[in-house]
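Novice: Predicted structure and sequence below. I'll ask about it afterward.
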Amino acid sequence: MWNPQRTVHAAGRTGTHAGVGALRRLERKIGLRAGQAVFVYGTLLLTLAFMACFTFFPMAWGAAISFFRYSAVRTGEHFLGLGGNNPFIGLGHYATMVSDAPDGVHFRQQLLTSILFAFLALPLNLAITLPLAVLVESVAGRLKTLFRAIYFMPTLTSTVAVALMWQFIYHPQQGVLNVLVKAIGLTPPRSWLSDPAAIVMGVPLALLCIMIAHVWQEFGYNLIIFIAGLQGIPDELRQAARIDGAGAWHEFWRITLPLLRPTMLFVCVMTLLSALQAFAIFNVMLPDRGPTVDQTTPLVLAIYNNAFRYQVLGWGAAMSMVLFFLTLSLTIGQMRLLRTEWEY
């Protein structure tokens, strides 16, 4: 005789077997157990949800309002306040960037300042950190740890504190730098940070001074990365080079430097990104901007001023898109230039 309860139990067992079979197929496919798969996918979903809310949506929103003359203080007519008093202008902002309008001229100067600052900071940082990392690695054990800690301290220091310290060093009357320059019999410039006529090899002196402060704070991070890269090079390769008669310079040039290319790629990308996004040190060292405003306003500071101080969010978003694609193209270029086809 047919028993409905028995049928339900049989169906339940069939469904359970089907579920277990699906989980086992999933385990074979991704190489994880069922519990591990739940944990991994649950963690990924939470991370993706967070990034969607706080990364992807803001990026999409910034790209969208770059095509509008948008301001948060005006009320629009359509979705999220677009349209109406925040009209659609298409590529109007981007056309202004290449025009002779005052905004376009200022934008190109700010873009040039950002590029110049980044491409000066990067080689200076590498020129300091790579030789210094080799020297620190050649020191005895306990002293090595001490030097690492000393050189890494500026990286842990607040950017505002670093900017205030260097602002005092560059002070035109009581500054430490002026005292040292006068002590060796030289005449310091009229002002290190506020003299627009002070130019060194085509680069504004104020921009060079800020770059030195920026590199001083940042170089400890790259130093630690280079030390880690040096420690990862197998000693057998160096010993083989010495047995073959290679000197210290040839060992560094033919063995150490080529094997540091993956580390060099990471350091170059991160250093360039940091320089292109430098904000606080500019904003604190030159709070009133002064007469060197056109020489020392990078693109990221101009984006902040236009978007949040002047409430011209559409124009600020358009500039941020240019900075995004500039950063992306430079990063891809570095990865193509310094990539390696081997691992050791």
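Specialist: Received it, and whenever you're ready, just let me know what you need.

Novice: What's the separation between L156 and M211?
Specialist: 20 Å (CB to CB, to the nearest Å). Glycine gets a C-beta too; all of them are placed from N, C-alpha and C.

Novice: Show me where the stretch 151-300 of the chain has its helices.
Specialist: All helices of the stretch 151-300 of the chain, identified by DSSP state H, counting those that start in this stretch, fall at 159-169, 176-183, 205-231, 235-243, 248-251, 257-259, 261-276, 280-285, 299-304.

Novice: scratch that, the stretch 1-150 of the chain
Specialist: Ranges of helices in the stretch 1-150 of the chain, per DSSP H, counting those that start in this stretch, are 4-30, 34-51, 57-65, 92-97, 102-137, 141-156.

Novice: so which of the ones you listed comes closest to V176?
Specialist: helix 141-156 (16.2 Å; CB to CB).

Novice: That closest one - what's its average pLDDT?
Specialist: What helix 141-156 shows for mean pLDDT is 88.

Novice: okay, L156 and M211: which has more neighbours?
Specialist: M211 (21 against 10; other CB atoms under 10 Å).

Novice: Spit out the contact partners of the more buried one.
Specialist: Counting by CB atoms under 8 Å, 6 or more residues apart in numbering, M211 touches F117, L120, A121, L124.

Novice: Could you find the closest non-adjacent residue to the third one?
Specialist: Of all residues not flanking A121 in the chain, A275 sits nearest, at 4.3 Å (CB to CB, 6 or more residues apart in numbering).

Novice: Report pLDDT for the one you found.
Specialist: Confidence at A275, expressed as pLDDT, is 95.

Novice: Roughly how far does it sit from G314?
Specialist: A275 sits 27 Å away from G314, going by CB to CB.

Novice: Check Q110 too.
Specialist: 17 Å.

Novice: where does the stretch 151-300 of the chain dip in pLDDT?
Specialist: Along the stretch 151-300 of the chain, the model assigns pLDDT under 70 to residues 289.

Novice: Relative to F266, which of the helices of the stretch 1-150 of the chain is closest?
Specialist: Closest approach to F266 among the helices of the stretch 1-150 of the chain (CB to CB): helix 102-137, 12.2 Å.

Novice: in that closest one, what counts as buried?
Specialist: Buried residues in helix 102-137, defined by neighbour count with 16 or more other CB atoms under 10 Å: 104, 106-107, 109-111, 113-118, 120-122, 124-126, 128-130, 132-134, 136.

Novice: How about stretch 301-313?
Specialist: For stretch 301-313, by 16+ other CB under 10 Å, it's L301, A302, I303, Y304, N305, N306, A307, V312, L313.

Novice: number of nearby residues for the nearest residue to the first one once chain neighbours are set aside?
Specialist: Distances taken as CB to CB, 6+ apart place F282 nearest to L301, at 5.2 Å, with adjacent residues excluded. Neighbourhood size, F282 [other CB under 10 Å]: 24.

Novice: Kindly report the same for the one 10 residues further on.
Specialist: When counting by other CB under 10 Å, one arrives at 22 neighbours for T292.

Novice: before we move on, back to that, with distance to I199 as added columns, please give the helices of the stretch 151-300 of the chain in a markdown table.
Specialist: Formatted as a markdown table, the helices of the stretch 151-300 of the chain follow (distance: least, CB to CB, whole Å):
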| stretch | distance to I199 |
| --- | --- |
| helix 159-169 | 20 |
| helix 176-183 | 18 |
| helix 205-231 | 7 |
| helix 235-243 | 45 |
| helix 248-251 | 36 |
| helix 257-259 | 34 |
| helix 261-276 | 21 |
| helix 280-285 | 18 |
| helix 299-304 | 21 |
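
Novice: For G76, which of these is the nearest?
Specialist: Here helix 299-304 is closest among those (CB to CB), at 21.5 Å.

Novice: How far off centre is the closest one?
Specialist: 15 Å (CA atoms, centre = their mean, to the nearest Å).

Novice: Name the residues that touch that helix?
Specialist: Under CB under 8 Å, 6+ apart, the answer for helix 299-304 is 106-107, 110-111, 113-114, 276-279, 282-283, 316, 319-320, 322-323.

Novice: Let me know how buried V162 is, in neighbour terms.
Specialist: 21.
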